[in-house]
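Engineer: sequence and computational prediction follow.
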Amino acid sequence: MIPIKLPKEQKQEIVESVKEYFEMERSESIGDIAAEQLLDFMLKELAPYVYNKAIDEARQAVEQKLASIEEELYSLKKPLR
């Protein structure tokens, strides 16, 4: 899988969130480098699972929409004698 590349601004926002999490939940202070390394690791490890889940949900949404369209098309048929 192609590694996820986040825009610099988004990555920095997430790094700040990671640092805040460690401070609030674990009473630990970590720096930018540690937070960025943790983020990179989590993206690498979690991305395939999140991606596959998103694909599954998109597939289900498309299947539901197709079923709805199919029902609508059948309802447009004219009755035969």
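Structural biologist: Cool, the structure landed.
Engineer: what about Gln12, which helix or strand?
Structural biologist: helix 8-26 (DSSP states H and E).
Engineer: contacts for that helix?
Structural biologist: Helix 8-26 is contacted from outside by 6, 28-32, 35-36, 38-39, using CB atoms under 8 Å, 6 or more residues apart in numbering. Quick note: C-beta positions are derived from backbone N, CA and C, even for glycine.
Engineer: let's go with 10 Å and repeat that
Structural biologist: Defining contact as CB atoms under 10 Å, 6 or more residues apart in numbering, one finds that helix 8-26 is touched by 4-7, 28-40, 42-43.
Engineer: so how far is stretch 10-20 off the chain centroid?
Structural biologist: 17 Å (CA atoms, centre = their mean, to the nearest Å).
Engineer: shaky segments in this structure?
Structural biologist: Counting by pLDDT under 70, the chain contains low-confidence residues at 1.
Engineer: give me the most central residue, it.
Structural biologist: Residue closest to the mean C-alpha point of the chain, counted by CA atoms, centre = their mean, is Val50 at 5.2 Å.
Engineer: list the contacts for that one?
Structural biologist: Contacts of Val50 by CB under 10 Å, 6+ apart are 4, 43.
Engineer: follow-up on the earlier one: in helices, which of the contacts of helix 8-26 fall?
Structural biologist: The helices in this structure, assigned by DSSP state H, contain 32-40, 42-43 from the contacts of helix 8-26.
Engineer: list only buried entries from these.
Structural biologist: The neighbour-count test (16 or more other CB atoms under 10 Å) marks 35-36, 38-39, 43 as buried among the ones in helices among the contacts of helix 8-26.
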